[in-house]
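Undergrad: give me a 3D structure for the following:
(2 chains)
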Amino acid sequence: MTATTAATAVPASTTAGRARPSGRTSGRMSWGAAIPTVILVIGAIYCLIPVIWVFIASTKSRGELFTTFSFAPGSGLWQNLGDLFSYGGGQFGSWAANSLLYAGVGGVVSTLVSAAAGYALAKFDFRGRDLIFYSILGGVLIPGITLAVPQYLLLSELGLAGGPISVLLPSIISPFGIYLSRVFAASAIPTDILEAGRIDGASEWRVFRLIVLPIMVPGMVTVFLLQFVGIWNNFLLPFVMLSDQGDYPLTVGLYTLLAKGSGSPALYSLAIIGAAVSIIPLICLVLFLQRFWRLDLISGGLKG
Amino acid sequence: MTTSNLAPVKSTVARTAGRNGAPPKRGRIRGRFAPYLFAAPAVVLYVVFMLIPVLYAIWLSLRAYRLQSGGTFGRRVEVFVGLENYTAVLSDPELLASFGRMAVYGIIAVPLTLGLALLFALLLDVPAVRAKRFSRTAIFIPYAVPGVVAALMWGFMYLPSTSPFSYISEQMGFGTIPFLEGNALFGSLANIAIWGGVGFNMIIIYTSLRGIPAELYEAARLDGANEFQIALRVKVPLVGPAIVLTTVFALIGTLQLYGEPMTLKPMTNDISQTWAPLMTIYRDAFLTDNLPAAAASSTLLALGTVALSLIILGIVNRKKFGERA
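TA: Coordinates of the predicted model:
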């Protein structure tokens, strides 16, 4: 292993070697690979520890949770899983379904709305375009969470607060998604193609559906993932909006579980297994879709 | 000219359009309303769910309820009170204290999150480093964990009766570690934010690093710079925009501090109902039914966020235009 490190290091060190004593060069290169690797692996372990812990703790029975060493697996996994899914008449299952509904539907609709707006802002010249763009850009800076309370007040005036629709609707508007879509549309869609489509007699809607949308897919996947994770992880909006426990997403459901558990530590093991089960789908999604992310959009957008 | 360039039928358009040289002059667009229709859903939603709530909150913050006596259901009347709510809110020691706590938390969390994200991104960009895929994926995983669930997991790792750290320190004869008491609470809460935020920011900075042409490094190497100097003098300035962007995100994230202290609250007596500003706002809006005060604090919080972000972006833009000139 050391041999390969040295071999790959050779081309780089030949140029740098001229400037410094050769004895130090070989030492520097191996250190130069080892120290960063060690630091990165420490970072990786730091990030994995709570995840590993919650999976191990979820295998413990109630007694074991408080008595055995944290990283020693217990014997209560199936019992805990059974308790979790039967809690409150299967509430955990409906929380998970609700999270999926809010994040899935909200994410898809939000992506389409953002793509259409981003396309209009990037490829058309029309009156009011700058006004719309800068207003929306300003919206990026307003934390969605500080809007939750006024949004609730407004929706309750309209009689819409309380149900799932009150979580779905505000989740659809994503200034950041629109901004990213505009950046992507501006760089990825050649104006010639649009012109060609129009000259061929396609309506604007057909041009959008058959030419623009397929080109924008990579950008839309990124916007969708950001929105999906954002909605899935949101706590305050559903916490403020929803009145019925059956409509809760996982975040609010687990919170109420834990808040009740402060009185009776018996609910602790439920909260732990609930946390473990609830993070599995999202970790899988993020790992699986990692390669489709175009995060250079985010960092590239600012270069102007 | 336009027609001859664009003659190819639709199926070949995608392949040939790029090679046709200079883009043709924009033809007459038939659907003059098309851009408005495409932008309409976003604009309508933006107006209904962002603009109007903001204006509504501002309007509400300028009003107050006054109780008019009369029977068991004393009528509550809304009156215009100007900036009274703001002066009340700004002189409320509890809210000010919560802003102070948030500031301490932010001063710990933001620099450490960004510093670690930058460090990890730079290390990932060192060619000889091993275990890159593993480290990158592992550090990114917390992004997939909701803040509330992260707080729940860390909370149990802080709680003396279940904490692995306290278990070890007890075995060594030092007793439990008071993660959730006194000033340690700031570090414990900041740690949750750092844990959750490093990966996403690292990926943004790393993606930006990957976009830098390798010739720049070669030039620096020829000038005798070592990897460390290249990282510090070449890479860091070039990913400046990405760092600024992540700073803005991290600041906005700090001001939204809510779910984490709420989740830890049942585990400790040291988190009050008004620990963070948003917790106070929630209490005012829903528990004590003082909507105008909640609206005034919300407005202040949003104004603070926008001001902070604009200051940062302003500094950047000045630098950017400086480079262009």
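Undergrad: stretch A:92-110 close to chain B?
TA: No: Stretch A:92-110 lies out of reach of chain B by C-beta under 8 Å from any C-beta of the partner chain, never closer than 8.8 Å. From N, CA and C alone the C-beta is placed, and that goes for glycine too.
Undergrad: can you show me the strands along the stretch 1-150 of chain A?
TA: Read by DSSP state E, counting those that start in this stretch, the stretch 1-150 of chain A holds no strands at all.
Undergrad: show me the shaky parts of it.
TA: Within the stretch 1-150 of chain A, the ranges that satisfy pLDDT under 70 run A:1-32, A:68-70, A:143-146.
Undergrad: let's see that with 90 instead.
TA: The model of the stretch 1-150 of chain A has pLDDT under 90 over residues A:1-36, A:53-93, A:126-128, A:133-150.
Undergrad: show me where it has helices.
TA: Using DSSP state H, counting those that start in this stretch, the helices assigned to the stretch 1-150 of chain A run over residues A:2-17, A:22-57, A:62-67, A:77-86, A:91-123, A:129-141, A:144-157.
Undergrad: export the ones you listed to a markdown table and tack on mean neighbour count and distance to residue B:287?
TA: Shown next, in a markdown table, are these (neighbours: other C-beta atoms under 10 Å in any protein chain shown; distance: least, C-beta to C-beta, whole Å):
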| stretch | mean neighbour count | distance to residue B:287 |
| --- | --- | --- |
| helix A:2-17 | 13 | 61 |
| helix A:22-57 | 17 | 31 |
| helix A:62-67 | 16 | 32 |
| helix A:77-86 | 16 | 30 |
| helix A:91-123 | 22 | 24 |
| helix A:129-141 | 17 | 29 |
| helix A:144-157 | 22 | 12 |
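Undergrad: the domain parsing of chain B - what is it?
TA: The record's domain split for chain B, according to automatic domain parsing, is B:33-82, B:84-324.
Undergrad: what does chain A give?
TA: A:2-9+A:26-81, A:88-301.
Undergrad: can you get me a residue count around residue B:77?
TA: Residue B:77: 10 surrounding residues under other C-beta atoms under 10 Å in any protein chain shown.
Undergrad: what about residue B:76, which helix or strand?
TA: Here residue B:76 sits within strand B:75-80, counting by DSSP states H and E.
Undergrad: ok, the residue nearest to the spatial centre of chain A to residue B:257 distance?
TA: By C-alpha atoms, centre = their mean, chain A has its centre lying nearest to residue A:229, at 2.9 Å. Using C-beta to C-beta, to the nearest Å, residue A:229 is found at 19 Å from residue B:257.
Undergrad: for residue A:109, same thing?
TA: Plainly put, residue A:109 is 29 Å away from residue B:257 if you go by C-beta to C-beta.
Undergrad: buried set for stretch A:180-199?
TA: A:180-185, A:188-190, A:192-198 (16 or more other C-beta atoms under 10 Å in any protein chain shown).
Undergrad: that one close to chain B?
TA: Yes: using C-beta under 8 Å from any C-beta, stretch A:180-199 reaches chain B at A:190-193, A:195-199.
Undergrad: so what's residue B:141 up against?
TA: Contacts of residue B:141 were listed using C-beta atoms under 8 Å, 6 or more residues apart in numbering or on different chains, and they are A:47-48, A:51, A:283, A:286-287, B:199.
Undergrad: typo on my end, residue A:189
TA: Going by C-beta under 8 Å, 6+ apart, residue A:189 touches A:119, A:122-123, A:211-212, A:215-216.
Undergrad: widest-spaced pair of those?
TA: The largest separation in those, counting by C-beta to C-beta, is between A:122 and A:211 at 13.8 Å.
Undergrad: quick one, the helix or strand hosting residue B:254 and helix A:129-141 angle?
TA: According to DSSP H and E, residue B:254 maps onto helix B:240-255. Interaxial angle, helix B:240-255 versus helix A:129-141 (axes from the mean of the first three to the mean of the last three C-alpha atoms, to 10 degrees): 60 degrees.
Undergrad: does the lengthiest helix in chain B come close to chain A?
TA: For chain B, the helix with the greatest residue count under DSSP state H is helix B:291-324. Yes: using C-beta under 8 Å from any C-beta, helix B:291-324 reaches chain A at B:291, B:294-295, B:298, B:301-302, B:305-306, B:309-310, B:316, B:320.
Undergrad: just these now: which is nearest residue A:172?
TA: Of all the residues of helix B:291-324 next to chain A, residue A:172 sits closest to residue B:302, with 20.2 Å by C-beta to C-beta.
Undergrad: report the separation between that closest one and residue A:267.
TA: 36 Å.
Undergrad: that older thread, and the average pLDDT for the strand holding residue B:76 is what?
TA: For strand B:75-80, the mean per-residue pLDDT is 76.
Undergrad: quick one, strands of chain B?
TA: For chain B, the strands defined by DSSP state E cover B:63-68, B:75-80.
Undergrad: show me what counts as buried in the first one.
TA: The one in question is strand B:63-68. Within strand B:63-68, the residues scored as buried using 16+ other C-beta under 10 Å are B:63-64.
Undergrad: now the angle from it to helix B:291-324?
TA: If you take the same axes, to 10 degrees, strand B:63-68 sits at 170 degrees to helix B:291-324.
Undergrad: check the last one too.
TA: Here the directions of strand B:75-80 and helix B:291-324 differ by 30 degrees (the same axes, to 10 degrees).
Undergrad: so residue A:273 sits right up against residue A:82, yeah?
TA: No: checked against C-beta atoms under 8 Å, the pair residue A:273 and residue A:82 is beyond contact range at 9.8 Å.
Undergrad: for residue A:161, what are phi and psi?
TA: Note on residue A:161: its backbone torsions stand at phi -70, psi 150 [degrees, to the nearest 10].
Undergrad: oh, I was asking about residue B:288
TA: Residue B:288 adopts backbone torsions of phi -100, psi 0, taken as degrees, to the nearest 10.
Undergrad: how many other residues sit next to it?
TA: Residue B:288 has 11 neighbours, counted by other C-beta under 10 Å.
Undergrad: then residue B:279?
TA: Residues near residue B:279, counting by other C-beta under 10 Å: 19.
Undergrad: same question for residue B:237.
TA: By other C-beta under 10 Å, the residues close to residue B:237 number 10.
Undergrad: and the gap between it and chain A?
TA: The gap separating residue B:237 from chain A is 13 Å, by C-beta to the nearest C-beta, to the nearest Å.
Undergrad: I'd say residue B:249 and residue B:201 touch.
TA: Yes: assessed by C-beta under 8 Å, residue B:249 is found in contact with residue B:201 at 7.3 Å.
Undergrad: neighbour count for those two, which is higher?
TA: Neighbours per residue, other C-beta under 10 Å: of residue B:249 and residue B:201, the larger number sits with residue B:201, 24 against 21.
Undergrad: which residues sit against stretch B:259-276?
TA: Contact partners of stretch B:259-276, identified using C-beta under 8 Å, 6+ apart, comprise A:235-236, A:251, A:255, A:258-259, A:261-262, B:94-95, B:97-98, B:101-102, B:146-148, B:150-152, B:155, B:158-159, B:180-182, B:185, B:188-189, B:192-193, B:257-258, B:279-280, B:283, B:287.
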